[in-house]
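Visitor: Turn this into a structure:
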Amino acid sequence: MKKLLFSLVAVAGLAFTSQAQTEKGKIMLGGSVGFSSSKVDGANKSDFSFNVIPSAGYFVSNNIAIGTGVGYTYNKEVSDLNLNQAFKVAPFGRYYVGLSDQFKFFGQLSVPMSFGNNKIVNADGDTGAKTATTTDIGVNIAPGFAFFPTKRIGIEFSVNGLGYNHSKIENEITGSEAKRNEFGLEADSFAPKLGVQFYF
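Guide: This is a model prediction of the structure:
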């Protein structure tokens, strides 16, 4: 019981020593990283995907930050005989509304863009010729909530929100072009994003 009480006091102490992380001149660092691997029964090789997109933001005034994420995605699907790899950039603006020193609501406007290509993959996972050039440009408005247990760490909970995406695939073989526009609301509370940002 003493250990539990001590732990609660320590956590409360960290919370009360938290300072305003969203002041003008502060910097926040974060991003996303992920990978997955799966194998279809009977396939010689596994499907594999990987992404890393670090991000940085700067507070141009109290509670208003601008920044960008820059990264790379790689998605090899042996089961579909396709490899897609892309360079990604996602400039954003974020506005915080303070509920208290430790709890803040935020809204984020981002413009995610990716520029990549598709290549043929054979059943053994070997990569072949380039088949298409891909471009995706979108706009997303997402709400979120941040908890600051210390002055340098923010734990975030957010949902996708309202978004638009324009994608274009240019076929290298036929010279044809396929375009697609998507618009929708994805505020799914059953599929939230949980993240951590670092503030300096």
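Visitor: Quickly list what residue 86 is bridged to.
Guide: Counting by DSSP bridges, residue 86 is bridged to residue 73, residue 116.
Visitor: In this structure, which residue is most central in space?
Guide: Nearest to the geometric centre of the chain sits residue 32, at 5.1 Å (CA atoms, centre = their mean).
Visitor: all helices of this structure, in order?
Guide: 2-16 (DSSP state H).
Visitor: shaky segments in it?
Guide: Counting by pLDDT under 70, the ranges of the chain that qualify are 1-20, 186-192.
Visitor: Send me the top strand by length along it as PDB with only the CA atoms.
Guide: Longest strand in the chain, counting residues (DSSP state E): strand 127-147. Presented in PDB, the C-alpha positions along strand 127-147 are these (Å, rounded to 0.1, in the frame of the first residue of the first chain):
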ATOM      1  CA  THR A 127      11.700  -6.600 -57.500                       C
ATOM      2  CA  GLY A 128      11.400  -6.000 -61.200                       C
ATOM      3  CA  ALA A 129      10.600  -3.000 -63.500                       C
ATOM      4  CA  LYS A 130       8.800   0.200 -62.500                       C
ATOM      5  CA  THR A 131       5.200   0.100 -63.700                       C
ATOM      6  CA  ALA A 132       3.800   3.400 -62.400                       C
ATOM      7  CA  THR A 133       4.400   6.700 -60.800                       C
ATOM      8  CA  THR A 134       2.100   7.600 -57.900                       C
ATOM      9  CA  THR A 135       1.100  11.000 -56.400                       C
ATOM     10  CA  ASP A 136      -1.200  11.600 -53.400                       C
ATOM     11  CA  ILE A 137      -2.100  15.000 -52.100                       C
ATOM     12  CA  GLY A 138      -4.600  15.500 -49.300                       C
ATOM     13  CA  VAL A 139      -6.000  17.900 -46.700                       C
ATOM     14  CA  ASN A 140      -7.000  16.700 -43.200                       C
ATOM     15  CA  ILE A 141      -8.600  18.400 -40.200                       C
ATOM     16  CA  ALA A 142      -8.200  16.400 -37.100                       C
ATOM     17  CA  PRO A 143      -9.200  17.100 -33.400                       C
ATOM     18  CA  GLY A 144      -7.200  15.800 -30.500                       C
ATOM     19  CA  PHE A 145      -6.500  16.000 -26.800                       C
ATOM     20  CA  ALA A 146      -3.100  16.300 -25.100                       C
ATOM     21  CA  PHE A 147      -2.100  15.400 -21.600                       C
END
